[in-house]
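*Asks:* show me the folded form of this:
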Amino acid sequence: MRRARRLPGRDRRAVRHPAHGGAVKAREDRHVVVVGGGIAGLAAATVLAERGVRVTLLEAQQQLGGRVRAWPLGDGRTMSRGFHAFFRQYYNLRALLRRTDPTLDRLVAIDDYPLTRPDGLTDSFSSLPRTPPWSIIGFVLTSPTFRLRDLTRVDVRAALELVRVRFPGGYSRYDGESAAAFLDRLRFPPAARDLALEVFARSFFADPTDFAAGELVAMFHSYFLGSAEGLLFDVPDDDYDTALWAPLGRYLASLGVAVRTGVRVDEVDAAAGRVVAGGEELVADGVVLAADPRTARELIGKVDPRVAATRNAPPFAVLRLWLDRPVADERPAFVGTSGFGPLDNISVLDRFEAGATGWAAATGGSVVELHGYALTTTDDVDARLLAELHRAWPETRVAGIVDRHLLVADDCPLVDPSPYADRPGVQTRWPNLVLAGDWVRCDLPVALMERAATTGVLAANALLAQWGVAGEEVWSAPMRGLVG
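*Replies:* Below you'll find the predicted structure:
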């Protein structure tokens, strides 16, 4: 009798990518230094340590999580770099989180995330079928941004590219073409373009004119047209550190990993496998460079042209507000926006995050977070974001601000239209140095946090293969579209 295939989610077309075989545990003492304690570094450290490799994990910040970390404000409240959606097709990230939360109880579902414009047009994903092609058919039939006469103007050949995609060729096929150029070629209705596509493109912290069309097509495939997991997502039930990364850090420590936070790496000698951090020299059999792209350029850009050629996305801003009264009951926990100046989305943290919920219950207020991506200027960005909140949700105009925290940063990667093959991959010309992160090339249809987790596993596998130790499988959304 044939055994049923174990799946990581509900999508029967999800693809398992087996790892190489070998010994269950490392037979010799092997030491790996992982530079960066974000998702990629945590994934690499976990796979290595579980196979008996001695790991030293170095993180410059005081908390783990990288660009998905959270930190205390000193009075019980926390701050972070902004809202992140944990989609159900993030199979490898969710596998990492299951190390400390086997049933993923710390993730809670967001019922909907409507996308809205100032003219009142709003799209919703809550009642759509999850299985393609019914998902896109349902969206077109129910969306107010699609009208029959508009659909007749869509370029059919360009639209078919969205369902005929194959990976990894789906990335290189669009070398030199920006997401904006692809959207122009597609000829979607302007309102639908803003809500259904451009909003998603900006979630990569990029302006569509400087963002790779191949990434946009892959994203649309992974989240909507190629995966049966649907477009709804989960979020942690508390701040990122409490819910996710502190437990994972304790798990790594239980495996013998030396987790060292607040330690900045000053030098990586790729040829010698030598890392200098905090005035200390560490010699290792392997190095996983899982830092942000700017740090990676500083450490090895002089010797690795592909890393040197990476770029950072424009600045983004996160404004967290503690208000003295709640927002209207009908406001969703998360809403995407288009046409509201620098404001790209609004989150109501007390709808799902335990710390914020407790603060709101104690004060009668609300914790609201505003995000602006790919900013052309950061001048007065807090005032501009606040003004757009008042325009989008008028009841907030009379709310008093108990406290506010603004974060402006520019350390996210930019995946621009340059040739796909020119991007740095997991493996480098030095066998003992591997790369991991959401800025690292990966042939699977994965992005953002899932690309970080996936390349972290693949980086660990690349080292383990050299030592005859079995690697870890990864999963992805289907490697091809519904047609062709």
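
*Asks:* low-confidence ranges in the chain?
*Replies:* For the chain, the stretches with pLDDT under 70 are 1-5, 124-129, 133-150, 191-201, 484.

*Asks:* how does it divide into domains?
*Replies:* Per automatic domain parsing, the structural domains of the chain span 15-69+239-312+424-476, 115-225, 314-409.

*Asks:* tell me which of those is the most buried.
*Replies:* Highest mean neighbour count among the domains of the chain (mean count of other Cβ atoms under 10 Å): domain 15-69+239-312+424-476, with a mean of 21. Heads up, the C-betas are built off the backbone N, CA and C, glycines and all.

*Asks:* end-to-end on it?
*Replies:* Using Cα to Cα, to the nearest Å, the span of domain 15-69+239-312+424-476 from its first residue to its last is 5 Å.

*Asks:* also stretch 409-424?
*Replies:* OK, stretch 409-424 end separation, Cα to Cα: 23 Å.

*Asks:* and the gap between R320 and D380?
*Replies:* 17 Å (Cβ to Cβ, to the nearest Å).

*Asks:* not counting sequence-adjacent ones, nearest residue to L42?
*Replies:* Excluding the flanking residues, the one nearest L42 by Cβ to Cβ, 6 or more residues apart in numbering is L248, at 5.8 Å.

*Asks:* any idea which of the domains of the chain gets closest to D105?
*Replies:* domain 15-69+239-312+424-476 (9.9 Å; Cβ to Cβ).

*Asks:* how far off centre is the closest one?
*Replies:* Taking Cα atoms, centre = their mean, to the nearest Å, the mean C-alpha location of domain 15-69+239-312+424-476 is offset from the chain mean by 16 Å.

*Asks:* go on, stretch 313-325?
*Replies:* That offset, for stretch 313-325, works out to 18 Å (Cα atoms, centre = their mean).

*Asks:* could you shift the numbering so residue one becomes 42, and keep it that way?
*Replies:* Sure, I'll start numbering at 42, so the last one becomes stretch 354-366.

*Asks:* how about the strands in the stretch 342-491 of the chain?
*Replies:* Along the stretch 342-491 of the chain, counting by DSSP state E, counting those that start in this stretch, strands occupy 352-353, 357-364, 375-381, 384-389, 407-413, 442-450, 454-455, 474-476.

*Asks:* take those and lay them out in a markdown table including distance to T97.
*Replies:* Formatted as a markdown table, the strands of the stretch 342-491 of the chain follow (distance: least, Cβ to Cβ, whole Å):
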| stretch | distance to T97 |
| --- | --- |
| strand 352-353 | 27 |
| strand 357-364 | 31 |
| strand 375-381 | 37 |
| strand 384-389 | 35 |
| strand 407-413 | 34 |
| strand 442-450 | 27 |
| strand 454-455 | 25 |
| strand 474-476 | 15 |
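
*Asks:* so which of those comes closest to V258?
*Replies:* strand 454-455 (17.2 Å).

*Asks:* returning to that earlier point: would TSV of the domains of the chain with distance to R139 be doable?
*Replies:* Below are the domains of the chain laid out as TSV (distance: least, Cβ to Cβ, whole Å):
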stretch	distance to R139
domain 56-110+280-353+465-517	10
domain 156-266	20
domain 355-450	20
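
*Asks:* can you tell me which of those is nearest to V149?
*Replies:* Judged by Cβ to Cβ, the one of those that comes nearest to V149 is domain 355-450, at 5.5 Å.

*Asks:* just how off-centre is that closest one within its chain?
*Replies:* The chain centre lies 20 Å from the centre of domain 355-450; the measure is Cα atoms, centre = their mean.

*Asks:* also stretch 512-525?
*Replies:* 18 Å.

*Asks:* next: stretch 201-208.
*Replies:* On the basis of Cα atoms, centre = their mean, stretch 201-208 sits 22 Å off its chain's mean C-alpha point.

*Asks:* quote the end-to-end distance of that stretch.
*Replies:* 15 Å.

*Asks:* same thing with stretch 137-146?
*Replies:* 14 Å.

*Asks:* same question for stretch 382-396.
*Replies:* End-to-end for stretch 382-396, by Cα to Cα: 30 Å.

*Asks:* now stretch 274-289
*Replies:* 21 Å.

*Asks:* next one: stretch 122-131
*Replies:* So stretch 122-131: terminal residues 20 Å apart, Cα to Cα.

*Asks:* need the CA coordinates for the helix or strand hosting D307. PDB is fine.
*Replies:* Per DSSP states H and E: D307 is located in strand 306-310. Coordinates of each C-alpha in strand 306-310 appear next as PDB, following Å, rounded to 0.1, in the frame of the first residue of the first chain:
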ATOM      1  CA  VAL A 306      32.000  41.200  13.700                       C
ATOM      2  CA  ASP A 307      34.900  43.300  12.500                       C
ATOM      3  CA  GLU A 308      36.500  41.000  10.000                       C
ATOM      4  CA  VAL A 309      35.900  37.800   8.000                       C
ATOM      5  CA  ASP A 310      38.900  36.200   6.300                       C
END
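
*Asks:* strands paired with that strand, and their directions?
*Replies:* Its sheet considered, strand 306-310 pairs with strand 315-318 (antiparallel) by DSSP bridges.

*Asks:* the strand it pairs with: what's the following helix or strand?
*Replies:* As assigned by DSSP H and E, the chain's next helix or strand after strand 315-318 is strand 321-324.

*Asks:* how near is R243 to Y414?
*Replies:* According to Cβ to Cβ, R243 and Y414 sit 5 Å apart.

*Asks:* mutual contacts of these two, please.
*Replies:* Here R243 and Y414 have D385 as joint contacts, going by Cβ atoms under 8 Å, 6 or more residues apart in numbering.

*Asks:* wait, doesn't V498 sit right on A85?
*Replies:* Yes. If you go by Cβ atoms under 8 Å, V498 and A85 touch, sitting 7.1 Å apart.

*Asks:* I'd say A369 and A440 touch.
*Replies:* No. In this structure A369 lies outside contact range of A440 using Cβ under 8 Å: 10.8 Å.

*Asks:* now R57. Its backbone dihedrals?
*Replies:* Here is the backbone geometry of R57 (degrees, to the nearest 10): phi -90, psi 130.

*Asks:* hang on, it packs against E514?
*Replies:* Yes. Between R57 and E514 there is a contact under Cβ under 8 Å: 6.0 Å.

*Asks:* are we agreed that V88 is in a helix?
*Replies:* Yes. Applying DSSP: H, G, I helix; E, B strand; the rest coil, one finds V88 inside a helix.

*Asks:* just list the residues touching it, thanks.
*Replies:* Residues in contact with V88 (Cβ under 8 Å, 6+ apart) are 497-498, 501-502, 505, 512-513.
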